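> okay, structure incoming, though there's no sequence with it:
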C-alpha cells in the first residue's frame, strides 16, 4: 500500500472495526479529509455535528520521527505519513432559559465519550499490532486524547505516524 488515500481509507476501516470490537456505535457521519485535524475542539475545523473523521496531516521523507526507533542503516531515510482520527459528539449545554443540564445528562454524554475513547484504544492496539497499513516499516501511535469541549461539541482523537 503506497498511496495516501489507501492509508487513510485503511485507517477508517480499522476505526470502524475497532468500534465493532468495542461494541460502540460510531457517529453516522464519517469521512476522510486532507485537512489537518486541529488539536483543539474550538478550532475552525470543529463542526457542530457528530462525526468520525480521518485526517491526513502530512507526508514527509527523512529520518524516523514521532518517537520511533526504527533501526536504519546510515543515511537511510523513510517516507512517513501522519494521520489523525477525530470523533466529535454533541454534549448537553445550558438551555435557552440559562438552566444547566442535569447531572444525569452530563454523565450520559461523558459515558458516550468514554466509549469513544475505549474504541480508539482498541484501534491504537490494532494499528500497533500491524496489518492496518500493509507494507509499513513501522508505526507509532500517539495517546488517545480528550481534545476538549467547545460550545455543544466534545472531541477525542489521536495521531498515527506510518513509516514505509
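Nice, I can see it. Note that the structure is predicted; figures quoted are calculated from it, not measured.

> every contact and neighbour count from this point should use C-alpha atoms.
Will do.

> now do the contacts for residue 28.
Counting by CA atoms under 8 Å, 6 or more residues apart in numbering, residue 28 touches 50-52.

> go again using 7 Å as the cut-off
residue 51 (CA atoms under 7 Å, 6 or more residues apart in numbering).

> ok, it to residue 16 distance?
Distance, residue 28 to residue 16, by CA to CA, to the nearest Å: 11 Å.

> tell me where the chain has helices.
Applying DSSP state H to the chain gives helices spanning 4-21, 103-129.

> now the ones you listed in CSV, with distance to residue 97, mean neighbour count and mean pLDDT?
Shown next, in CSV, are the helices of the chain (distance: least, CA to CA, whole Å; neighbours: other CA atoms under 10 Å; pLDDT from 0 to 100):
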stretch, distance to residue 97, mean neighbour count, mean pLDDT
helix 4-21, 37, 19, 93
helix 103-129, 17, 17, 92
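
> closest one to residue 84 among these?
With respect to residue 84, and counting by CA to CA, the nearest of these is helix 4-21 at 9.1 Å.

> show me where pLDDT drops low in this protein?
For the chain, the stretches with pLDDT under 70 are 1-2, 36-47, 62-77.

> returning to what we had before: export the helices of the chain to JSON lines and tack on distance to residue 35?
Listed next are the helices of the chain as JSON lines, based on distance: least, CA to CA, whole Å:
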{"stretch": "helix 4-21", "distance to residue 35": "12"}
{"stretch": "helix 103-129", "distance to residue 35": "20"}
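
> done for today, thanks.
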